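> could you work out the structure for the sequence below:
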Amino acid sequence: MKRILVVLLCVFLAFSPIWVAACDSSDKNIIDDPSTQIIEEEFDDIDIPQDEEEIIDENQDNQDNQNSGDQGIEEQPSTPAIALSQFKVQALTTVNIRAQASAASQALGQLKVFDTLPLVSKKDNWYQVYYNGSTAFVSANASYTSLVEWKNAVQELVSGLEVQALTVVNIRQKPSTSSAILGKLNRLEHIPLIKQYDQNWYQVLFQGKEAYISANPQYTRVYDPEKVNALIENVIAEGKKVLGVPYEYGAQRLFYHNGKPNPNFTGKTFDCSSFVQYAFYKGAQIILKADSRSQSQEGILINENELERGDLIFMWSSARRNNKGIERIGHVVIYLGDNQILHTWGTGGVRIQEYSAGWRERFILARRML
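Residues are numbered from 1 along each chain as shown. Predicted coordinates for the structure are as follows:
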């Protein structure tokens, strides 16, 4: 009977949860259990990594800054599925942008003369380009398009345009003036544009990451360097076409002060401002004002040590030397680089000359029109 009671007692204790809890294996035995270690390691793998915790913190900041238009921006862009080349496709005439490499495919948009798009690759008779956040195609016919080297080429998916600073501008982590400053863009420096985030901010590529910079036109502008270079060369080429055309003070100009065409313009003579107006319209479809003083108020103000090919230099003339303010301006020239200027004056008319000390001493200001 005692044996039976002992057996029953052992069975009861063996299956009792109270007894298991009280007589459970030690902590050391659990840690040493290989199956338990595996479970713990798998649990560790699903813990939030540090970089994701930072993103969560940023998302919290985004909620705090919703009034600034900040909507959950990730710190780094994901790796693009496609990569850009070191070239752009530039239009030589108006060209359709197609969804597929076929003339029968849907037209997504158009490239105007000298407009560019980043090149991805060439496929048969088509260029694959990056357009509006995706790939598209334009004709590779040499009569319609050409390839130009992209001076600020990146492989990341950007628009192909640049944001240029007109003064020193902060580069920020998020589209908010309270966001962390990642760096600065100095005057006339530029940075690749990803897209315009909203009316107040540009999304840009800075050190391989997405960043933001002010879209205030007083501080920045968006432009296409390769298009600008092509237009500048076109302006200069148009100016050179009329080399030797006689100078005439007060010559008829292509457009009046109000921008309307002048029906009396013949192009048989030029003065300095009518020549500059003519070259910029013929070469870039830019209608400048009708006299040098008015022209000196257009475009971007440039210091003499910042001069680049295609900039306009405004000078005093002998008759206006002692005037005040912009009334001193009596002459304008196109700077060609390499210490050369293209302009018209006196006997000989339109010509190329050295930007000599005699001309330099007349310098008042310079402007960039493109």
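> show the pLDDT at the residue nearest the centre of the chain.
The geometric centre of the chain, computed from its C-alpha atoms, lies nearest to Glu162 (C-alpha atoms, centre = their mean), at 1.7 Å. On pLDDT, Glu162 comes in at 98.
> any idea what it is bridged to?
Pro192, Tyr223 (DSSP bridges).
> touching, it and Lys151? I think so.
No. Using C-beta atoms under 8 Å, Glu162 is not in contact with Lys151, being 9.5 Å away. C-beta: built from backbone N, CA, C; applies to glycine.
> doesn't Ile236 lie inside a helix?
Yes. With DSSP: H, G, I helix; E, B strand; the rest coil as the criterion, Ile236 is assigned to a helix.
> so what sits against both of Glu162 and Lys151?
Common contacts of Glu162 and Lys151 (C-beta atoms under 8 Å, 6 or more residues apart in numbering): Pro225.
> coming back round to it: separation between the residue nearest to the centre of the chain and Glu189?
Going from Glu162 to Glu189 by C-beta to C-beta, to the nearest Å gives 10 Å.
> OK, contacts around the residue nearest to the centre of the chain?
So Glu162 contacts 152, 190-193, 222-225 (C-beta under 8 Å, 6+ apart).
> next one: Tyr144
Counting by C-beta under 8 Å, 6+ apart, Tyr144 touches 91-93, 95, 138.
> name the nearest residue to it, sequence neighbours excluded.
Distances taken as C-beta to C-beta, 6 or more residues apart in numbering place Val95 nearest to Tyr144, at 5.0 Å, with adjacent residues excluded.
> kindly report the same for Glu149.
Phe87 (6.1 Å).
> show the pLDDT at that neighbour.
pLDDT, Phe87: 97.
> do Lys123 as well
86.
> swap in the one 10 residues further on?
As summarised for this prediction, Gly133 has a pLDDT of 91.
> give me phi/psi at it?
Main-chain dihedrals, Gly133, degrees, to the nearest 10: phi 80, psi 10.
> contacts only, for it.
Taking C-beta under 8 Å, 6+ apart, one finds 157, 195 in contact with Gly133.
> need the three-state assignment for the residue nearest to Asn303 when sequence neighbours are not counted.
Leaving aside its sequence neighbours, Asn303 sits nearest to Ala366 (C-beta to C-beta, 6+ apart; 7.2 Å). Here Ala366 is strand, with the state taken from three-state DSSP.
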